[in-house]
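Asker: predicted model and sequence follow; I will ask about them next.
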Amino acid sequence: MSTQVRWGILGTGKIARAFALALKDTPDAVLAGTGSRTLDSAQAFAHEHGGAAYASYEELVRAADVDLVYVGTPHPLHHANVRMALEAGKGVLCEKAFTMNRRQAEELVALAQDKKLFLMEAMWTRYLPALAEVRRIVASGEIGAVRQVNADLGFKAAVGPEHRLFNPALGGGALLDLGIYPLSIAMALLGPVSSVLAQADLGPTGVDEQTALLLRHEGGGMSVCSCSLRARLPSELTISGELGHVRMNAMFHRAQSVSVALADGGTRTVATPFLGNGYVHEIIEAQRCWRAGLIESPGMTHADTLALMGVMDEARRQIGLHYAADLAANDA
C-alpha cells in the first residue's frame, strides 16, 4: 500500500477548495483528482490545486488511483454522490449536513456497513484541539457535574434569495448549514437527545433564516442552540457545571483557545491552536481509520450522524421546514 492516501474530491465549490488547501497541510495526503459536472470546472480546480480533472462525478469515483472520496457538493446531492462512491468501492468523507434527512442517512450507513467501507460525516469541529481540551477539563471534574451547554452560530448573509443559503432546492436554511455545528458539539458533550423544542423564522423562500432549539439530553443535561443567517451572533460555546464553566472562545467552530471560570473566582485560558485551516484534523482521522480498516470514526460514529439527522428532522417538523427529499420519501 502506498504511504500516501490518495484523495478524490467531488465538487469544485468553496468548501471543496478549503478541503483541497487542507490536504496540502496534511501528512501523507495527496489530491489525486477532482470530479465536476463539467470538464472546464474540474480543470480549473486541478490547475489551482493539483491532481487530475474528471468531467463527471462517476469518472472520479471509478478512478483506480483514488483511495478516499471527499463529497463537497450541495446538501441535496450528498445522498446520490455518497451512494455512487460506496458502490464504486471507495471510502467516503461526506461534508455536513450528511444528507437531507435521517432516512437518507440510514440508507448510506447500511450500504457502507454491508460493503465494509469507511464512511464518515465531515464534522471537522469534533476533531479540533479545542474540543479535545474541553473534554479533558470536563472529565477532570474541575467544573463539577455538567448541567448545560449554550452554543450559537450566525452571521448576516448578504446574498440574494437564489444563493444556496436561501434556496430550498439547494438545501438552504440556517439549520442545515449553521445550526448543525452547535447541535453536533452539544450532543458530543452531553450525549443523546431525549426531547426537542424548536422555534424559527421562515423567510420568503420558505427556509429557516434563524432557528433556536432547546434540547433535553438523556443524561439529564440541557442545551440551548441557535443559528442565524440574519444576525451576527457571538458564535461561542459554553459548557457549564456545578463548579464553573468552560468557554470555547471567539467563533467556537474554529476556537484557538478555551477559558475556564470557576465559582471560587479562579480563571485561566488554555491555548488550543489547530493545524492549517482546521480541516486537517478530520482528514488525519479519516486516513487513520481507513488505514486501520475501520468503517467509522469513534469521534463521529454512524450512530452519531443518524442521531444528529434525527434531531434536525424533528426540529424541521416543528418549524414546518420541508425539502424535496422529504416529499419524495412520502411518495415512495
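Answerer: Right, received. Where do you want to start? Residues are numbered from 1 along each chain as shown.
Asker: when you work out contacts or count neighbours from here on, use the C-alpha atoms and nothing else.
Answerer: OK.
Asker: and the residue in the chain sticking out farthest from the centre, which of the three is it?
Answerer: Relative to the centre of the chain, the most outlying C-alpha is that of Asp264, 36.3 Å out, by Cα atoms, centre = their mean. Three-state call for Asp264 (DSSP: H, G, I helix; E, B strand; the rest coil): coil.
Asker: for this protein, which segments are assigned as helices?
Answerer: Applying DSSP state H to the chain gives helices spanning 14-24, 39-49, 57-62, 78-87, 102-115, 129-140, 174, 180-190, 280-291, 302-319, 324-331.
Asker: can you check which of those helices gets nearest to Ala122?
Answerer: helix 280-291 (7.0 Å; Cα to Cα).
Asker: can you point out the buried residues in that closest one?
Answerer: 280-287, 289-290 (16 or more other Cα atoms under 10 Å).
Asker: hang on, the earlier thing: nearest to Val260, of the helices of the chain?
Answerer: helix 129-140 (8.7 Å).
Asker: buried ones in the closest one?
Answerer: 129-131, 133-134, 137-138.
Asker: and for stretch 156-163?
Answerer: Under 16+ other Cα under 10 Å, stretch 156-163 has no buried positions.
Asker: now do that stretch, average pLDDT.
Answerer: For stretch 156-163, mean pLDDT rounds to 95.
Asker: next, the distance between the ends of it.
Answerer: Start-to-end span of stretch 156-163 (Cα to Cα, to the nearest Å) is 13 Å.
Asker: which other residues reach it?
Answerer: 166-167, 205, 228-232 (Cα atoms under 8 Å, 6 or more residues apart in numbering).
Asker: please apply the same query to stretch 68-85.
Answerer: By Cα under 8 Å, 6+ apart, the list of residues contacting stretch 68-85 reads 5-13, 15-16, 57-58, 61-62, 90-100, 104-105, 108, 111, 169-171, 325.
Asker: derive a ChimeraX selection command for the buried subset of the residues you listed.
Answerer: Per 16+ other Cα under 10 Å, the buried members of the contacts of stretch 68-85 correspond to this ChimeraX selection:
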select :5,6,7,8,9,10,11,12,16,57,58,61,90,91,92,93,94,95,96,97,98,99,100,104,105,108,111,170,171,325
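Asker: where does the stretch 1-150 of the chain dip in pLDDT?
Answerer: Scanning the stretch 1-150 of the chain for pLDDT under 70 picks out 1-2.
Asker: looking at the helices of the chain, which is closest to Glu218?
Answerer: helix 180-190 (8.2 Å).
Asker: pull out the buried residues from the closest one.
Answerer: 180-190.
Asker: and it, what does it pack onto?
Answerer: Judged by 3 or more Cα pairs under 8 Å, 6 or more residues apart in numbering; DSSP states H and E, helix 180-190 is in contact with strand 146-154, strand 222-228, helix 302-319.
Asker: buried stuff in the longest one?
Answerer: Same thing as helix 302-319. Neighbour-count burial for helix 302-319 [16+ other Cα under 10 Å]: 302, 304-316, 319.
Asker: for that helix, give the mean pLDDT please.
Answerer: 98.
Asker: need the buried residues of helix 180-190 in CSV with pLDDT and distance to Arg147, can you?
Answerer: As requested, those are exported to CSV (pLDDT from 0 to 100; distance: Cα to Cα, whole Å):
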residue, pLDDT, distance to Arg147
Ile180, 97, 21
Tyr181, 97, 20
Pro182, 97, 16
Leu183, 98, 16
Ser184, 97, 17
Ile185, 96, 15
Ala186, 97, 11
Met187, 97, 13
Ala188, 96, 14
Leu189, 96, 11
Leu190, 97, 8
